[in-house]
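Asker: have a look at this prediction, sequence included:
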Amino acid sequence: MKRKKFLQSSLTALLALTTALILPLTSCRSKTTPKTESTDTETNNGDDGVGIETIVINEKGELIITLTNGKVENAGVIVDKSAQTKLAYVVDQENGFVTIKGRGLCPDMNVVIPEELEGYPVTMIVASAFSNDLDLKSITIPDSITSIGYDAFKDCSGLTSVTIGNSVTSIGWGAFSGCSNLQYNEYDNGYYLGNASNPYVVLVKAKDTSITSCNIHEQTKIIYQSAFSGCTGLTSITIPNSVTSIGNEAFQGWSNLQYNEYDNGYYLGNASNPYVVLVKAKDKSITSCTIHEQTKFIYQSAFYDCSGLTSITIPNSVTSIGERAFRACTGLTSITIPNSVTSIGDMTFYWCTGLTSITIPNSVTNIGDYAFQYCSGLTSITIPDSVTSIGNSAFSGCSKLTSITIPDSVTSIGSYAFYYCSGLTSITIPNSVTSIGDWAFSGCSGLTSITYQGTKAQWNAINKGSAWDGNTGSYTIHCTDGTIPKE
């Protein structure tokens, strides 16, 4: 009995001490927690002469105590190895990834984000995740992360070091704004963030606004939004072939910049490929344009308000069409998007009133907000199985659309997505859809039939926003197990 009381009191003290020492060290580190050992050099004996020889925390997080008589006691789990971090995060089991939402309860100011949590890869840092975290000093972003949301580190004034993995493809607006003490890597008039193997992953900003030229590093993947804002004297810039993403406003307001010209377009690039980015049309009066076969990007607003443009040829080399690229090109009647394009940006074809048909290729995964808003001449559109989300107001005001089939790859329909598509009489919605935004089909006065590829119970479980079906026709929902009349 004395020995049992001795062990119980010893275990209680050890658990308290070990928890205090171990948990802060394991709470916000990466996915592998090293084995931790502690050995008493002074034997602690109980009344029966039996003492503690060694203390070990095994790979399962269990406290293992070896006594001087050779007996081994298991005190149970004191370090939860399944919860590798106390960062705030969300596991999306259906799609198989994890998003980081902030520092949460992690006490460490030097945060190392793990590549994996609970068996799923960590792929995203959400918008405003670490915003206004004044205690944050450094952060290491692993190769598994592909997206950093807007304002992710906004106003983290104590942040001095950011390591960005090689897999990041997009960084939201204002992600590092207000990080006044952040240290950058410098190369030819540019400030960069990256990692040990590539310090130049992201060109964040110009060294200062007085620069006249910049040769972007050949390993750079992302040119950040507004990277050269205020650089009014800039006359020359070299963009390498390595670039995969260009942020909004990166090339705005450069009246002195020298471009490379090809068939009614102005380009930026490098010696081996002068046509990496189609920045803008030669002038607003052009009627046609054949984009160069080496072009990767059609930059934002490239053909904005070219109302006389009737013919455009986009080569298979293009991977990205920027926001507002063809906004108000009212003379365009049709356009072919090549299967190299993966995303249609916000307002890309906004107010293209002459556009009657368009085929979106299987390579596109996202249709941006307002992408086809007020395309009042559009009578048909094919949405491929590759698309997973339809943005807010994407087809709002397309009054001549009569029917549309949403593929089973889509999980969300944005707010106002088909707002006042008054000619729409039928729509097919797959059972993959989990949410329908506010006013999504409001004003579809001709709507009489919704074909839902799931059960009535599944339809009722969809998260439907405010007035999603306001001012619609007297439609009937046809489910696999029966019909539901409009309420």
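Answerer: Nice, I can see it.

Asker: CA atoms for contacts and neighbours, from now on please.
Answerer: Will do.

Asker: could you report the neighbour count for the nearest residue to I141 once chain neighbours are set aside?
Answerer: Leaving aside its sequence neighbours, I141 sits nearest to I164 (CA to CA, 6 or more residues apart in numbering; 5.0 Å). Neighbourhood size, I164 [other CA atoms under 10 Å]: 24.

Asker: again, but for Q294
Answerer: Counted with other CA under 10 Å, residues neighbouring Q294 total 16.

Asker: that one touches V276, doesn't it?
Answerer: Yes - Q294 is in contact with V276 according to CA atoms under 8 Å; the separation is 6.5 Å.

Asker: next one: phi and psi at the residue lying closest to N181 once chain neighbours are set aside?
Answerer: The shortest distance from N181 to any residue that is not its chain neighbour, by CA to CA, 6+ apart, is 5.3 Å, and that residue is T160. Backbone torsions of T160, given as degrees, to the nearest 10, read phi -110, psi -20.

Asker: distance of T160 from G174?
Answerer: In this view, T160 and G174 are 17 Å apart by CA to CA, to the nearest Å.

Asker: out of these two, which sits in the busier spot?
Answerer: Set T160 next to G174 and count neighbours by other CA under 10 Å: G174 wins out with 20 against 16.

Asker: and the more buried one, how close does it get to N248?
Answerer: When CA to CA is applied, the distance between G174 and N248 equals 11 Å.

Asker: can you tell me the element L378 falls in?
Answerer: In this assignment (DSSP states H and E), L378 forms part of neither any helix nor any strand.

Asker: name the nearest residue to it, ignoring sequence neighbours.
Answerer: Nearest in space to L378, with sequence neighbours left out and distances taken as CA to CA, 6+ apart, is T356 at 4.0 Å.

Asker: show me what contacts the one you found?
Answerer: With contacts taken as CA atoms under 8 Å, 6 or more residues apart in numbering, T356 has the following neighbours: 333-334, 377-380.

Asker: top of these by neighbour count?
Answerer: L378 leads those on contacts (other CA under 10 Å) with 24 neighbours.

Asker: what are the boundaries of the helices in the stretch 1-150 of the chain?
Answerer: Ranges of helices within the stretch 1-150 of the chain are 2-26, based on DSSP state H, counting those that start in this stretch.

Asker: low-confidence bits of it, can you list those?
Answerer: Counting by pLDDT under 70, the low-confidence segments of the stretch 1-150 of the chain come to 1-49, 56-63, 75-85.

Asker: kindly recompute the last result at 90.
Answerer: Scanning the stretch 1-150 of the chain with the threshold set as pLDDT under 90 gives 1-86, 93-95, 105-108, 118.

Asker: and N460, that one's in a helix?
Answerer: Yes - when classified by DSSP: H, G, I helix; E, B strand; the rest coil, N460 is found to be part of a helix.

Asker: just list whatever residues bridge to the most centrally placed residue in the chain.
Answerer: Relative to the mean C-alpha position of the chain, the nearest C-alpha, by CA atoms, centre = their mean, is the one of S147, at 3.8 Å. Residues in a beta bridge with S147, per DSSP bridges, are M124, S170.

Asker: over to S288?
Answerer: Taking DSSP bridges, one obtains S311 as the residues bridged to S288.

Asker: need the strands for the stretch 351-487 of the chain, in chain order.
Answerer: Under the criterion DSSP state E, counting those that start in this stretch, strands of the stretch 351-487 of the chain are mapped to 357-359, 366-367, 380-382, 389-390, 403-405, 412-413, 426-430, 435-436, 449-453, 463-464, 476-479, 482-485.

Asker: save these as JSON lines, and put in mean pLDDT and distance to N195 too.
Answerer: Below are the strands of the stretch 351-487 of the chain laid out as JSON lines (pLDDT from 0 to 100; distance: least, CA to CA, whole Å):
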{"stretch": "strand 357-359", "mean pLDDT": "85", "distance to N195": "40"}
{"stretch": "strand 366-367", "mean pLDDT": "92", "distance to N195": "29"}
{"stretch": "strand 380-382", "mean pLDDT": "86", "distance to N195": "42"}
{"stretch": "strand 389-390", "mean pLDDT": "92", "distance to N195": "32"}
{"stretch": "strand 403-405", "mean pLDDT": "91", "distance to N195": "44"}
{"stretch": "strand 412-413", "mean pLDDT": "96", "distance to N195": "35"}
{"stretch": "strand 426-430", "mean pLDDT": "96", "distance to N195": "42"}
{"stretch": "strand 435-436", "mean pLDDT": "96", "distance to N195": "38"}
{"stretch": "strand 449-453", "mean pLDDT": "98", "distance to N195": "47"}
{"stretch": "strand 463-464", "mean pLDDT": "97", "distance to N195": "41"}
{"stretch": "strand 476-479", "mean pLDDT": "98", "distance to N195": "52"}
{"stretch": "strand 482-485", "mean pLDDT": "97", "distance to N195": "56"}
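
Asker: need the ones you listed in JSON lines with distance to V50, can you?
Answerer: Formatted as JSON lines, the entries for the strands of the stretch 351-487 of the chain read as follows, by distance: least, CA to CA, whole Å:
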{"stretch": "strand 357-359", "distance to V50": "80"}
{"stretch": "strand 366-367", "distance to V50": "68"}
{"stretch": "strand 380-382", "distance to V50": "78"}
{"stretch": "strand 389-390", "distance to V50": "66"}
{"stretch": "strand 403-405", "distance to V50": "76"}
{"stretch": "strand 412-413", "distance to V50": "65"}
{"stretch": "strand 426-430", "distance to V50": "68"}
{"stretch": "strand 435-436", "distance to V50": "64"}
{"stretch": "strand 449-453", "distance to V50": "70"}
{"stretch": "strand 463-464", "distance to V50": "63"}
{"stretch": "strand 476-479", "distance to V50": "72"}
{"stretch": "strand 482-485", "distance to V50": "74"}
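
Asker: ok, now which ones touch the nearest residue to I321 once chain neighbours are set aside?
Answerer: With CA to CA, 6+ apart as the measure, I298 is the residue that lies nearest to I321, at 4.9 Å, once sequence neighbours are left out. Contact analysis of I298 by CA under 8 Å, 6+ apart lists 277-279, 318, 320-322, 325.

Asker: among these, name the ones in strands.
Answerer: Filtering these for membership in strands, criterion DSSP state E, returns 277-279, 320-321.

Asker: how about those residues in JSON lines, adding pLDDT, neighbour count and distance to E487?
Answerer: As requested, these are exported to JSON lines (pLDDT from 0 to 100; neighbours: other CA atoms under 10 Å; distance: CA to CA, whole Å):
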{"residue": "V277", "pLDDT": "98", "neighbour count": "27", "distance to E487": "51"}
{"residue": "L278", "pLDDT": "97", "neighbour count": "28", "distance to E487": "50"}
{"residue": "V279", "pLDDT": "96", "neighbour count": "24", "distance to E487": "50"}
{"residue": "S320", "pLDDT": "92", "neighbour count": "23", "distance to E487": "42"}
{"residue": "I321", "pLDDT": "94", "neighbour count": "25", "distance to E487": "41"}
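
Asker: ok, of those, which one's closest to V122?
Answerer: Lowest distance from V122 to these (CA to CA) belongs to S320, with 24.9 Å.

Asker: dig out what that closest one forms beta bridges with.
Answerer: For S320, the beta-bridge partners are F297, S343 (DSSP bridges).

Asker: would you mind measuring from it to G391?
Answerer: Applying CA to CA, one obtains 17 Å for the distance of S320 from G391.

Asker: circling back to that earlier point, could the contacts of T356 go into CSV alongside distance to T244?
Answerer: Formatted as CSV, the contacts of T356 follow (distance: CA to CA, whole Å):
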residue, distance to T244
T333, 30
S334, 27
G377, 33
L378, 31
T379, 34
S380, 31
